[in-house]
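Student: below are the sequence and a predicted model for it; my questions follow.
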Amino acid sequence: MEYVKLKHLTAGDYRRKVLFDLSWVWKPGDVWAVTGSNGSGKSALAALLTQELLVYSGDFFVDSRLSQESLIGFESQKRLLEAERRADLSDVSEKPDIGTTVLAFVGSSELLVDMGLRGKELRGIKQLSTGELRRACLARAWNQAFWILDEPYEGLDDQARELLAKRIARRIETRSPVLFLSRRAEDFPLQVSHVWELSEGKTVFQGRREDWHPTSGGLPGELKSRLVSPPKLRHFDQVPVLEFENVWAGYPDLEVLRNFSWKVYSGTHWLIRGPNGSGKSTLLGLISGEHPQAFQPGLRIFGKKRGPELTWADLHKKISHLSYAVHQRFRDLWFTPLEEVVAAAFQDAVRFVRTPSWDQVAATREILHSVGLASQAHKNWEELSWGEQRLALLARALVKDPELLLLDEPCQGLDEGAEAKFQETLLHEARIRGTTVIYVTHRPQERPFGDFQILEFPLTGSPSEQPT
């Protein structure tokens, strides 16, 4: 009996079709990896198997034990955290609301120990690192008949990846059905026997692993900027853009930063590096003003302390922020032209709330030309690939010519080609504009700039500047 059987199947949501004429049989004993670049249809296939898509035509059979609880990955983890944040009662209670505890979420102390989460039982799931939460999700799903792993290593540091890979391998060895979705072949478990490569919702290859030769993910040629009228370079003065002096940050039971001191000067490029849970996101929250401890006296931004002399509005005029989470806010944006999405940055909105000025329209068209998206300006947002959308969000972050650009894992979720294009565009635009850049990553091999300085966050202990 097959687990899944598709025959000439076309599927999508109520707006459009995303999978076309697919045929596939998943039989017991076969371990499949589904691959392809951004926008190829991997996540759409996962949505189909968990019955979140409409079938337009063709035959579709799926084992009744396969459900939404079977799906584990970066996207499902994001939705979980969003639900926790919506339920947060910290604003109306006398103490911070930790939300759902790890033990309540998983339901078994034994599974937590098995997943390397001993001692985390009473911590809130929203307080876990990315890797810890991924393992908690696996523990919760351990007794599910099926696992569908959608980019399970996305956002994990090397240590967390290694630990997770061992758990996945052990699951496969029990002959429990596992479907692995990843754009990177090097992430496939050794036990994978068959590969299905998709492109734009269609089959490119389907067969045994030894017969497969990847066709996606090639690097593009050199991207040449086409900036029409480069902004005048900034005046670099000696007042630090950021100044931390003996700053503390953390929770009652967890110290993240202690006596932390650091200075960032105008026009410099910093690479903030470290494993999951080391404090990188806390640092960005202090800078952006989103962290509740951003008002302490030892922290100055543009030479001023947070409060009356530096308001939230002042920060937003000078700082732009781009991350995977920012991209998620645009995921359900439909029937909105790319040009409008970028120009709406002037209104701090996702789309227009009022008519933009001619100067704003001109600046938008100029930055789209600069990043190589001018020909796509009138395309609707949903028609762009994932990589094109991320490049467009970089344009949106730069269109107001910010003094400081915060990039939190900006290449997360991109295939190799899209990542190379993004970084090359960023490098050129940041240099020509004199933008100060803070670039956060957990990947030691990620080096977007040739002239960067490094701030290393260890898992325990204090951050320190490192030689480049």
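Tutor: Good, I have the coordinates. Note that the structure is a prediction, hence the values are computed from the model and not measured.
Student: which residues in this protein form helices?
Tutor: 42-49, 74-86, 102-106, 109-114, 130-140, 158-173, 280-288, 312-318, 324-328, 338-343, 358-370, 386-398, 416-433 (DSSP state H).
Student: hmm, residue 351 and residue 340 touching each other?
Tutor: Yes - here residue 340 reaches residue 351: they are 5.7 Å apart, a contact under C-beta atoms under 8 Å. In short, each C-beta sits where N, CA and C put it, glycine included.
Student: of these two, who's got more company?
Tutor: residue 340 (20 against 15; other C-beta atoms under 10 Å).
Student: ok, that one to residue 262 distance?
Tutor: Going from residue 340 to residue 262 by C-beta to C-beta, to the nearest Å gives 38 Å.
Student: and the residue lying closest to residue 145 once chain neighbours are set aside, how many residues sit next to it?
Tutor: Nearest residue to residue 145 in three dimensions, chain neighbours excluded: residue 65, at 3.9 Å (C-beta to C-beta, 6 or more residues apart in numbering). Around residue 65 sit 12 other residues, with neighbours defined as other C-beta under 10 Å.
Student: need the per-residue pLDDT for residue 65.
Tutor: In this model, residue 65 is scored at 92, pLDDT.
Student: and if you look at the one 4 residues further on?
Tutor: Looking at residue 69, its pLDDT is 85.
Student: what of residue 348?
Tutor: For residue 348, pLDDT reads 88.
Student: contacts only, for it.
Tutor: By C-beta atoms under 8 Å, 6 or more residues apart in numbering, the contact list for residue 348 reads residue 316.
Student: how near is it to residue 315?
Tutor: For residue 348 relative to residue 315 (C-beta to C-beta), the value is 12 Å.
Student: one step back: export the helices of the chain as JSON lines, with columns for distance to residue 247 and mean pLDDT.
Tutor: Output for the helices of the chain, formatted as JSON lines (distance: least, C-beta to C-beta, whole Å; pLDDT from 0 to 100):
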{"stretch": "helix 42-49", "distance to residue 247": "39", "mean pLDDT": "92"}
{"stretch": "helix 74-86", "distance to residue 247": "25", "mean pLDDT": "78"}
{"stretch": "helix 102-106", "distance to residue 247": "28", "mean pLDDT": "93"}
{"stretch": "helix 109-114", "distance to residue 247": "33", "mean pLDDT": "87"}
{"stretch": "helix 130-140", "distance to residue 247": "23", "mean pLDDT": "85"}
{"stretch": "helix 158-173", "distance to residue 247": "26", "mean pLDDT": "86"}
{"stretch": "helix 280-288", "distance to residue 247": "7", "mean pLDDT": "89"}
{"stretch": "helix 312-318", "distance to residue 247": "17", "mean pLDDT": "87"}
{"stretch": "helix 324-328", "distance to residue 247": "23", "mean pLDDT": "81"}
{"stretch": "helix 338-343", "distance to residue 247": "34", "mean pLDDT": "95"}
{"stretch": "helix 358-370", "distance to residue 247": "34", "mean pLDDT": "91"}
{"stretch": "helix 386-398", "distance to residue 247": "25", "mean pLDDT": "90"}
{"stretch": "helix 416-433", "distance to residue 247": "26", "mean pLDDT": "84"}
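Student: how much space between residue 147 and residue 44?
Tutor: 18 Å.
Student: next: residue 100.
Tutor: The value you get for residue 100 to residue 44, if C-beta to C-beta is used, is 29 Å.
Student: neighbour count winner among these two?
Tutor: residue 44 (20 against 15).
Student: these two touch, right, the more buried one and residue 53?
Tutor: Yes - in terms of C-beta under 8 Å, residue 44 counts as a neighbour of residue 53; the distance is 6.7 Å.
Student: quickly list what residue 25 is bridged to.
Tutor: residue 5 (DSSP bridges).
Student: quick one: it from residue 70, how far?
Tutor: Distance, residue 25 to residue 70, by C-beta to C-beta: 18 Å.
Student: neighbour-wise, which of these two wins?
Tutor: Legend: neighbour count by other C-beta under 10 Å for residue 25 and residue 70, higher for residue 70 (22 against 13).
Student: so what's that one up against?
Tutor: Here residue 70 is in contact with 49, 50, 141, 144, 145, 146, 147, 148 (C-beta under 8 Å, 6+ apart).
Student: where's it relative to residue 49, distance?
Tutor: In terms of C-beta to C-beta, residue 70 sits 8 Å off from residue 49.
Student: next, show the common contact partners of the two.
Tutor: Joint contacts of residue 70 and residue 49 (C-beta under 8 Å, 6+ apart) are residue 148.
Student: spatially nearest residue to the most centrally placed residue in the chain, not counting backbone neighbours?
Tutor: Note on the chain: the residue nearest the mean C-alpha position is residue 324, at 3.1 Å, using C-alpha atoms, centre = their mean. Excluding its sequence neighbours, the residue lying closest to residue 324 (C-beta to C-beta, 6+ apart) is residue 412, at 4.3 Å.
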